[in-house]
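>>> heads up, no residue letters with this:
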């Protein structure tokens, strides 16, 4: 039992970082109780169990269906790399779209205990906009996403309009940009940066180089929230970054860049 608890594995080799899945599942359950509430979480767990044993009941309480029904956003699912409309020359450094958990994100973000109005938030490889829609719940100076796929970007724009109509935006501005993460310029102010394994090591290194250049004069900490950190060694070996903690069994890593 102890060997299982402390063993790092990945369910999807090549697509998911090795992490302690037992620890992740426990923390995910706790976070669901925190944001979803007791009964909706219990129903969601029962729905998963029913699906695994082949019982056609409680299907509407599956977590992803709860999310879509309650948020009104089109953010769930997986879009494989060959289905994404991105330039052929960039495919070798791109990753598939996979929905991220806004509850995991909110838990990690809130642990920073930052002054939100002093910070910009940027999501590199923002897909359908689930995470920067979640970030807009907080009073950031601005919330932006950068997405290479035109189709994903258009979905993100629709989702942004939805959260605005629902009056759930506390950030001073909320935008999605269709473009290349390596050429996106950041204004020289404090940032919280989020990446969900959106690209390969070569593009991540170019993004890190751009961050260093654009934010060279910023004296406040720059936070880097890395979800599914397949290429975390680039930050581990970078003397400008300090790892603050792991979350969800190592499925998330949080770094800070100090002046």
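The structure has been received and is ready for your questions. Predicted, not measured: the structure shown is a model, and the values here were computed from it.
>>> for this protein, what are the low-confidence residue spans?
Residue ranges of the chain with pLDDT under 70: 1-8, 10, 12.
>>> now the strands for it?
If DSSP state E is used as the criterion, the strands of the chain fall at 78-79, 97-98, 120-124, 142-147, 174-178, 191-196, 222-227, 241-247, 252-257.
>>> and residue 34, which of those is closest to it?
Between residue 34 and the strands of the chain, the tightest spacing by CB to CB is seen for strand 241-247, at 13.3 Å. C-betas here are computed from N, CA, C, even on glycine.
>>> now the closest one and strand 222-227, what's the angle there?
Here the directions of strand 241-247 and strand 222-227 differ by 40 degrees (axes from the mean of the first three to the mean of the last three CA atoms, to 10 degrees).
>>> Can you list the buried residues in strand 241-247?
Within strand 241-247, the residues scored as buried using 16 or more other CB atoms under 10 Å are 241, 244, 246, 247.
>>> Please apply the same query to stretch 123-135.
Applying a neighbour-count criterion of 16+ other CB under 10 Å, the buried positions in stretch 123-135 are 123-135.
>>> before we move on, the earlier item: could you export the buried residues of strand 241-247 as a markdown table, including distance to residue 100?
Rendered in a markdown table, the data for the buried residues of strand 241-247 read as follows (distance: CB to CB, whole Å):
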| residue | distance to residue 100 |
| --- | --- |
| 241 | 21 |
| 244 | 20 |
| 246 | 17 |
| 247 | 13 |
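>>> number of nearby residues for residue 170?
15 (other CB atoms under 10 Å).
>>> Please name the residues that touch it.
With contacts defined as CB atoms under 8 Å, 6 or more residues apart in numbering, residue 170 is in contact with 136, 137, 138, 139.
>>> And the first one, how close does it get to residue 189?
As defined by CB to CB, to the nearest Å, residue 136 lies at a distance of 18 Å from residue 189.
>>> out of those two, which sits in the busier spot?
For residue 136 versus residue 189, the count of surrounding residues by other CB under 10 Å is larger for residue 136: 24 against 16.
>>> any residues touching stretch 239-252, and which ones?
Surrounding stretch 239-252, the residues in contact under the criterion CB under 8 Å, 6+ apart are 8, 17-24, 27-28, 104, 107-108, 111, 212, 224-229, 235-236, 253-258.
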